[in-house]
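Peer 1: Build the 3D model from these lines:
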Amino acid sequence: MSRGGAGLRAAYPGGTDRRPPVSCQKWDQSMFGRQSLVTLVILGCLVLLALAGCRGVRQIRDPEYAEVLNRAAQAAVAAEPGPAAVPPPGVLTGPQPVEAYIALALAQNPDIQAARKRVDALANRVPQAASLNDPMFGVTVFPAPIQTAAGQQDVALTASQQLPWPGKLRRRAEAAEAETDVARAQLAAVELEVIEQVKRAYYELYFIDRAIEITEKDRELLVQFTRIAESKYRTGETSQQDVLRAQVEVLNIDNELIRLRQQHDSAQARLARLLHVSPETPLRPLAELPEEQLPAELEALYELAIQARPELHAELAAIRRDRVQVELAQLDYFPDLTAGATWIEVGDAGLSPVANGEDAVLLGFSVNLPIYRRRLDAAVREAEARMVSTARRYDSLRDRTAEAVKDLYAQAISQYELVRLFREEIIPKAQQTLDVSTSAYQVGDVDFLQLIDNWQQLLRFEITRYRLESQFQRTLASLERIVGGELPVRPRPVAPPAPQG
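Peer 2: Numbering: from 1, shown residues only. Below is the predicted model:
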């Protein structure tokens with residue numbers, strides 16, 4: 001104890017209560033100032049990096065992003081959606097073929113636009129999946145400097161980077177690309193679905209327009225029958241019952257016209273929704289449709305549907321994605337590497353007599369230990385089961401595709417034959433029957449009830465003919481969606497040459 005006290009008194013003459021010499025105080029202050037300066041510089045760099053990152057986040061690269069944000073804000077304030085898009089002037093003027101409406105729907109339909117943006121979003125996952133995680137950077141400041149033989153340690157900088165096991169990044173990118181392929185196939189399916197809906201709405205509107213036209217024409221004919229009945233009643237050739245029956249039929253026709261006009265407005269609004277235009281936009285189909293053509297043979301449609309249906313391609317892409325997920329789960333049995341480096345600033349003014357001030361550099365490596373096999377095995381089994389489930393879903397969809405092709409093909413053949421039967425056989429004979437009964441009624445050979453029955457029958461046959469035409473076109477539209485595109489059709493039969501001389 002006395003020796004320790006003597007040592008202290010030798011180091012600090014005048015006793016242990018006296019302060020260190022001024023030179024020692026200056027040395028401590030200079031080291032503290034140096035440490036503070038280094039710390040401030042490092043912290044300033046970190047702040048600048050953080051600010052630069054925040055500035056980069058606010059950049060808007062998608063030109064539609066700002067527009068959507070603005071519309072969303074306006075809708076939140078007004079609590080109502082924005083108006084529907086308005087087509088360019090002249091685009092929808094007058095009767096249009098169905099192809100014009102399809103082109104407009106492909107350009108403006110919100111469901112298609114949403115599916116396209118989903119593809120863009122998933123495509124941007126690929127570079128993310130293929131990229132390493134951000135490196136880690138750290139700063140360690142020693143509040144009380146550590147004295148070592150090489151000198152005093154004031155601050156340490158560390159940097160590290162995680163390196164996945166070889167093959168993991170590539171398979172993550174492959175899985176993201178397969179998911180993007182699923183979205184691309186779903187986009188094609190959405191486009192075909194919208195095309196089908198546009199065609200079905202178009203041909204429904206076509207039928208309603210023709211039904212209104214026929215009903216109005218037959219109403220005029222019925223008014224003529226009423227005048228004939230009134231004339232015969234005034235001359236005593238018939239009873240008042242014929243006149244009243246004719247008037248009731250006129251009122252019944254008026255009732256039917258009211259119903260048809262309501263259906264017209266509903267069908268027009270449905271087509272306008274698909275085109276993303278105002279419901280008040282005048283949408284008019286052509287007055288006559290092109291001549292019907294039968295689709296190709298059934299076997300060709302089966303083959304085309306399996307090759308081209310987008311929903312099947314989506315399931316195949318999902319199988320590829322799930323297979324890569326299985327490989328990723330298997331790679332989790334292998335460890336990931338983390339490599340790092342540490343730099344320690346060492347001062348040359350420490351207490352050690354051999355201090356040289358050489359900074360220390362350390363290299364480090366670490367790995368995770370995948371030792372919990374139960375979790376890893378379960379992850380592999382989960383991925384395998386998901387892939388098998390997707391494959392079975394593909395098989396089911398393939399079977400349902402063949403069923404739909406067969407069903408729609410049978411409907412199309414039946415409707416095609418019925419259209420020709422009504423147009424070429426039934427309606428001409430019904431028209432001839434009505435003409436004969438009209439002449440016979442005027443001379444008293446046929447009663448009024450028979451005349452009205454013949455008139456009703458012709459009206460019913462004419463409307464049925466256009467309904468069948470509309471159903472045939474709508475069936476073809478559904479068949480096109482199932483087979484994944486435009487239908488191949490049978491060649492028209494070539495008429496034999498006319499005999500000469």
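Peer 1: who's in contact with the nearest residue to Glu196 once chain neighbours are set aside?
Peer 2: Closest residue to Glu196 apart from its sequence neighbours, by Cβ to Cβ, 6 or more residues apart in numbering: Arg481 at 4.3 Å. Quick note: C-beta positions are derived from backbone N, CA and C, even for glycine. Arg481 sits next to 192-193, 195-196 when contact means Cβ atoms under 8 Å, 6 or more residues apart in numbering.
Peer 1: do Ala105 as well
Peer 2: Neighbouring residues of Ala105 by Cβ under 8 Å, 6+ apart: 112, 194-195, 198, 274-276.
Peer 1: hang on, the earlier thing: in which helix or strand would I find the residue nearest to Glu196?
Peer 2: Per DSSP states H and E: Arg481 is located in helix 448-483.
Peer 1: What of Phe137?
Peer 2: Using DSSP H and E, Phe137 maps to strand 136-147.
Peer 1: mind listing what's buried in that strand?
Peer 2: Pro145 (16 or more other Cβ atoms under 10 Å).
Peer 1: partner residues bridging Ser160?
Peer 2: Taking DSSP bridges as the rule, Ser160 bridges to Met136, Gly340.
Peer 1: Thr342 should be in a strand, yeah?
Peer 2: Yes. Thr342 forms part of a strand when assessed by DSSP: H, G, I helix; E, B strand; the rest coil.
Peer 1: what sits against it?
Peer 2: Residues in contact with Thr342, defined by Cβ under 8 Å, 6+ apart, are 156-158, 360-364.
Peer 1: same deal with Val367?
Peer 2: Contact analysis of Val367 by Cβ under 8 Å, 6+ apart lists 335-338.
Peer 1: Go again with 10 Å.
Peer 2: Val367 makes contacts with 163, 165, 334-338, as judged by Cβ atoms under 10 Å, 6 or more residues apart in numbering.
Peer 1: just the buried members of these?
Peer 2: Buried among those (16+ other Cβ under 10 Å): 165, 336, 338.
Peer 1: Which strands or helices does the strand holding Phe137 pack on?
Peer 2: Packing partners of strand 136-147 (3 or more Cβ pairs under 10 Å, 6 or more residues apart in numbering; DSSP states H and E): helix 22-57, strand 152-163, strand 337-347.
Peer 1: Go again with 8 Å.
Peer 2: Applying 3 or more Cβ pairs under 8 Å, 6 or more residues apart in numbering; DSSP states H and E, one finds that strand 136-147 contacts helix 22-57, strand 152-163.
Peer 1: now, which of the contacts of Thr342 sits nearest Pro143?
Peer 2: Ala156 (12.8 Å; Cβ to Cβ).
Peer 1: I'd like to know how many residues surround that closest one.
Peer 2: If you count neighbours by other Cβ atoms under 10 Å, Ala156 ends up with 18.
Peer 1: Tell me if I'm right that it and Ala341 touch.
Peer 2: No. The criterion here is Cβ atoms under 8 Å, and Ala156 misses it with Ala341 at 10.9 Å.
Peer 1: Nearest the middle, which residue of this protein would you pick?
Peer 2: Ala115 (2.2 Å; Cα atoms, centre = their mean).
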